[in-house]
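Undergrad: Can you look at this prediction? I've put the sequence above it.
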Amino acid sequence: MSVVVRPLARTGVLSTHTTFVRALIAGAAALCGVVVAGFWNYKLVDGFGRGVVAANTIGNPDTLATSFGSNGALFGVVFAAVAGLAATFTACNCVVFAMLPGLACSTDRSSSRRRALKALGLFTIVFTTLGSLMIVWSLLEFGFLRPMTEHIPGGFRSWASSPMTRATIMGLMVGSFAVGRPYPVFRDLLIYAASSHNPIYGATIMAIQGLGQIALMVAIFLLVIWLFNARLTRWVTEKPSQLVLITAIALMAGGSYFVYYWGVSLVYHLGSWGFRLGLYS
């Protein structure tokens, strides 16, 4: 019995934009992501989260990291929420906002060096992979991978393209942003959670931290839905290709940012343009 694969109908951005126009838009989005990554002022952003958000709510994270014995388990919940909120605009987490449209990742010297390089490599792979996945997703939204996707069984295509599946994948990617995170506040939180010697408590604290880092995005999303629900519904119904295009652009820009910042820039020292040009102190 032969299986006949029906060709996909030309819908979305494929029916409204030519291949050249889509390629031009995708290239522009990728360039924007690279430019933002190149000029990213990590000192300003990380300092804001640590010196403003955390310091003005719970105090100095360095001191709090080893205070589990005096502050207890309940304070850890607050610490986790604030740590997540403080990390909102860090380079590790800022591209979470690219997901928004889609809802409407030894002792001796030589040994220490080897371990540092290994850790750096694993760290870079994690963040670069997340960015690469975002770029692939963007290419799917743009329709560039149509020759491949039209051979995928229709049932799987329907499941993968459903809003609930897409939201789940986005959540997994956002949760992965915490893997290998170098942000000092996050490390302080890990020390605090580890001091409890309770893996269930530690896992709970990490989950709360994850909620904290997407809290602002969720708030913006809910605000947009609350203010523009009727307009969004009408817009999506009348011009669905525009939503797909915006999602593709956001994912391409965010993915390119991740790949360049955590991959190209970090490995080959091709970033920090603002510092090199003397624009940042």
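TA: Received the coordinates, thanks. Small disclaimer: the values here were computed from a predicted structure and weren't measured.

Undergrad: show me where the stretch 101-250 of the chain has helices.
TA: Secondary structure of the stretch 101-250 of the chain, counting by DSSP state H, counting those that start in this stretch: helices at 109-142, 146-149, 154-161, 163-175, 184-194, 199-213, 215-238, 240-259.

Undergrad: out of those helices, deepest packed?
TA: Compared across the helices of the stretch 101-250 of the chain, helix 240-259 shows the largest average neighbour count, a mean of 23 (mean count of other Cβ atoms under 10 Å). Placement of C-beta: from N, CA and C, glycine included.

Undergrad: tell me what it is packed against?
TA: Here helix 240-259 is seen to pack against helix 13-16, helix 19-38, helix 109-142, helix 215-238 when contacts are counted using 3 or more Cβ pairs under 8 Å, 6 or more residues apart in numbering; DSSP states H and E.

Undergrad: Next, the residues that contact the helix or strand containing L85 from outside, please.
TA: With secondary structure defined by DSSP states H and E, L85 is part of helix 68-86. With Cβ atoms under 8 Å, 6 or more residues apart in numbering as the contact definition, helix 68-86 has outside contacts at 49-50, 53-54, 57-58, 61, 64, 67, 185-186, 188-189, 192-193, 195-196, 201, 204-206, 208-216.

Undergrad: Let's see that with 6 Å instead.
TA: Counting by Cβ atoms under 6 Å, 6 or more residues apart in numbering, helix 68-86 makes contact with 49, 53-54, 57-58, 185-186, 189, 192, 195-196, 205, 208-209, 212-213, 215, all of which sit outside it.

Undergrad: For the protein, which residues score under the pLDDT cut-off?
TA: For the chain, residues meeting the criterion pLDDT under 70 lie at 1-13, 15, 92, 99, 102-124, 126-128, 130, 174-182.

Undergrad: Just give me the residue closest to the centre of it.
TA: The residue lying closest to the centre of the chain (Cα atoms, centre = their mean) is V96, at 3.8 Å.

Undergrad: Distance-wise, check that one relative to I220.
TA: Look at V96 and I220: by Cβ to Cβ, to the nearest Å, they are 11 Å apart.

Undergrad: circling back to that earlier point, what are the buried residues along the helix holding L85?
TA: F68, N71, G76, F79, A80, A81, V82, A83, G84, L85, A86 (16 or more other Cβ atoms under 10 Å).

Undergrad: picking up where we left off before, possible to save the helices of the stretch 101-250 of the chain as a markdown table with distance to V45?
TA: Rendered in a markdown table, the data for the helices of the stretch 101-250 of the chain read as follows (distance: least, Cβ to Cβ, whole Å):
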| stretch | distance to V45 |
| --- | --- |
| helix 109-142 | 16 |
| helix 146-149 | 37 |
| helix 154-161 | 34 |
| helix 163-175 | 18 |
| helix 184-194 | 12 |
| helix 199-213 | 13 |
| helix 215-238 | 13 |
| helix 240-259 | 13 |
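
Undergrad: wait, which of those is closest to V36?
TA: Taking Cβ to Cβ, helix 240-259 is the member of the helices of the stretch 101-250 of the chain nearest to V36, at 5.6 Å.

Undergrad: Now do that closest one and helix 215-238, the angle between them.
TA: Between the axes of helix 240-259 and helix 215-238, defined by axes from the mean of the first three to the mean of the last three Cα atoms, to 10 degrees, the angle is 150 degrees.

Undergrad: quick one, helix 240-259 and helix 19-38 angle?
TA: 40 degrees.

Undergrad: gap between helix 240-259 and the chain center?
TA: Helix 240-259 has its average C-alpha position 12 Å from the chain's average C-alpha position, going by Cα atoms, centre = their mean, to the nearest Å.

Undergrad: how much does it deviate in direction from helix 163-175?
TA: Between the axes of helix 240-259 and helix 163-175, defined by the same axes, to 10 degrees, the angle is 20 degrees.

Undergrad: Would you mind writing the CA trace of helix 240-259 as PDB?
TA: What follows is the C-alpha trace of helix 240-259 in PDB, where atoms were taken according to Å, rounded to 0.1, in the frame of the first residue of the first chain:
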ATOM      1  CA  PRO A 240      -3.000  35.400   9.400                       C
ATOM      2  CA  SER A 241       0.100  35.800   7.300                       C
ATOM      3  CA  GLN A 242       1.100  38.900   9.100                       C
ATOM      4  CA  LEU A 243       1.200  37.200  12.500                       C
ATOM      5  CA  VAL A 244       3.300  34.400  10.900                       C
ATOM      6  CA  LEU A 245       5.700  36.900   9.400                       C
ATOM      7  CA  ILE A 246       6.100  38.800  12.700                       C
ATOM      8  CA  THR A 247       6.800  35.500  14.500                       C
ATOM      9  CA  ALA A 248       9.400  34.500  11.900                       C
ATOM     10  CA  ILE A 249      11.100  37.900  12.100                       C
ATOM     11  CA  ALA A 250      11.200  37.900  15.900                       C
ATOM     12  CA  LEU A 251      12.600  34.300  16.000                       C
ATOM     13  CA  MET A 252      15.200  35.100  13.400                       C
ATOM     14  CA  ALA A 253      16.400  38.200  15.200                       C
ATOM     15  CA  GLY A 254      16.400  36.500  18.600                       C
ATOM     16  CA  GLY A 255      18.100  33.400  17.200                       C
ATOM     17  CA  SER A 256      20.800  35.400  15.400                       C
ATOM     18  CA  TYR A 257      21.400  37.400  18.500                       C
ATOM     19  CA  PHE A 258      22.000  34.200  20.500                       C
ATOM     20  CA  VAL A 259      24.200  32.600  17.900                       C
END
